[in-house]
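# here's a sequence, model it:
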Amino acid sequence: MFRNALEPWHLVLILTVLVLLFGSKKLPDMARGLGKSMRILKSETRAMKSEDRDSDRAAPEQQRTVGQE
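Numbering: from 1, shown residues only. Presented below is the predicted three-dimensional model:
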């Protein structure tokens, strides 16, 4: 059904419609904004993963100190 869903002429048509809708001056600004938001999202997910790893490492140490009291 979707064997040839996205052919090169589809991409050309989509690009043409985007240029007509937003104008050639707006597209680079939109792409730049999208890139910045993707970088922010990536850095936030890295921070959340590192916090999760740190809390996993700290949990066994906390259990040992509680058990020794």
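# please make it C-alpha for all contacts and neighbour counts, starting now.
Fine.
# now for this protein, the helix or strand with the poorest mean pLDDT.
The weakest-scoring helix or strand in the chain, judged by mean pLDDT, DSSP states H and E, is helix 26-68 (a mean of 82).
# distance of D52 relative to L41?
Taking Cα to Cα, to the nearest Å as the measure, D52 falls 17 Å from L41.
# just to revisit the earlier point, off-centre distance for the least confident helix or strand of the chain?
Averaging C-alpha positions (Cα atoms, centre = their mean, to the nearest Å) puts helix 26-68 12 Å from its chain's average.
# what about S37, neighbour count?
12 (other Cα atoms under 10 Å).
# can you tell me how far it is from A31?
10 Å.
# what about S24, which helix or strand?
For S24, there is no helix or strand it lies in under DSSP states H and E.
# phi, psi for it please.
phi -70, psi -20 (degrees, to the nearest 10).
# and the pLDDT for it?
S24 carries a pLDDT score of 84 in this model.
# number of residues surrounding it?
Residues near S24, counting by other Cα under 10 Å: 11.
# can you tell me how far it is from R57?
In terms of Cα to Cα, S24 sits 51 Å off from R57.
# same question for E51.
With distances taken as Cα to Cα, E51 is found 10 Å from R57.
# just L27 next, same as before
For L27 relative to R57 (Cα to Cα), the value is 45 Å.
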